[in-house]
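[1] What shape does this take:
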Amino acid sequence: MPDPGSEAPDSALPAQLSGAAFAWPGGRGVAEIDLAVEGGEVVTLLGPNGAGKSTILKMLSGEISPQAGEVTIFGGPHGREARRRIGLVLQEPSTDDLMTLRETLRLHGQLFGLKGSSLKRRCATLLESLGLGERANDRCETLSGGLRRRLDIARALLHEPDLLLLDEPTLALDPESSRAIWDTLHERISDGAAVVVCSNDTVEAESNADRVVIVNEGRIVAEDTPSNLTAGLLHDALELDWPNAAQEDVAEIGSWDGVGTVLRAEDQLLLSVVNSAEIVPRLFQEYGSQISGVRIRESSLRDAWFQIVGRPLNSAAGDSE
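    Next comes the predicted model:
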């Protein structure tokens, strides 16, 4: 645990980037990043692979330093004391396959100054809370991807950090593993820890984030609560498979009562509508031979992304890490 004498003033933000920029070889990177993270807050950096989310996280963790602008952690620069208050989970597991789960946690705890019965209790508590108690003496090489991820979370939480930096912690995990991870994270958040998580999962962001920061092509293009980002959307979203839709047809549909925006993405159209039960029959009556598929769902953060960026999240591409 952090040395009480190293605690920053209560007014100090856990993390802040001001005008931060970093360019990787080849031109990838981020620019003009302004981000402030408060205690007890979950901030999700939402964007596709290559948008720049991981670069932002690496500046916050101290792995890289901004080439312009600055980063402050608990009111000061990166250093030993700041690092003791950070828990970090990278995209790829970094455990030693030949060590047991218990050995992995004990080693990590010792690096952060934990020892004796306190360390033993902390390891046992986290293993149990993440559903790993019965595997404590198993080697890491025996774990599935989901269980490895749970161990990564346990290791990051072991020293009770005040700032957690997580790079897609639930990517490709089953719902049970994802739920176990977030349940355990929320216990730490309730004690005032701040969380910054990189994700391209809009459902997870909508469920867990206090604030969503939309990152595209190396820049922050919007940020707000999930509810505020989706507030302007009509109730239903329609995804139409419609190759080569004529522009005049797109304009015509956009003029219908009950239709908000109509956005084109390659061979698809995305419509924001008041009531899909009224719009879908009319679409098929007038354009049925041209529409090869339709999906109906309630509008969500996924549609807010589309509205802001102008293309679906899964097709948005950036040149940044």
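[2] from here on, contacts and neighbour counts on C-alpha atoms
    Will do.
[3] For the helix or strand harbouring residue 253, enumerate the helices and strands it packs against.
    Per DSSP states H and E: residue 253 is located in helix 247-254. Judged by 3 or more C-alpha pairs under 8 Å, 6 or more residues apart in numbering; DSSP states H and E, helix 247-254 is in contact with strand 259-265.
[4] next helix or strand past the strand it packs on?
    strand 268-273.
[5] between that following strand and strand 259-265, how big is the angle?
    Interaxial angle, strand 268-273 versus strand 259-265 (axes from the mean of the first three to the mean of the last three C-alpha atoms, to 10 degrees): 170 degrees.
[6] Now tell me what touches whichever helix or strand comes after strand 268-273 from outside.
    Where DSSP H and E defines the elements, the next helix or strand beyond strand 268-273 is helix 276-287. For helix 276-287, the external contacting residues (C-alpha atoms under 8 Å, 6 or more residues apart in numbering) are 236, 237, 238, 258, 259, 273, 291, 296.
[7] Please identify which helix or strand holds residue 181.
    Counting by DSSP H and E, residue 181 is part of helix 175-189.
[8] Give me the contact list for that helix.
    Against helix 175-189 from outside (C-alpha under 8 Å, 6+ apart): 40-42, 129-131, 146-147, 150, 153, 157, 160, 170, 195.
[9] tell me the angle the helix or strand following it makes with helix 175-189.
    Next along the chain after helix 175-189, taking DSSP H and E as the criterion, comes strand 194-199. Counting by the same axes, to 10 degrees, strand 194-199 lies at 150 degrees to helix 175-189.
[10] next one: the helix holding residue 181 to chain centre, how far?
    Offset of helix 175-189 from its chain centre (C-alpha atoms, centre = their mean, to the nearest Å): 14 Å.
[11] pLDDT averaged over the helix holding residue 253, what's the number?
    Averaged over helix 247-254, pLDDT sits at 95.
[12] With only the CA atoms kept, save it in CSV.
    Extracted C-alpha coordinates of helix 247-254, given in CSV (Å, rounded to 0.1, in the frame of the first residue of the first chain):
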residue,chain,number,x,y,z
GLN,A,247,-28.4,9.5,-52.9
GLU,A,248,-31.8,10.8,-53.8
ASP,A,249,-33.4,7.8,-52.0
VAL,A,250,-31.3,8.5,-48.9
ALA,A,251,-32.5,12.1,-49.0
GLU,A,252,-36.1,11.0,-49.5
ILE,A,253,-36.1,8.7,-46.5
GLY,A,254,-34.5,11.4,-44.4
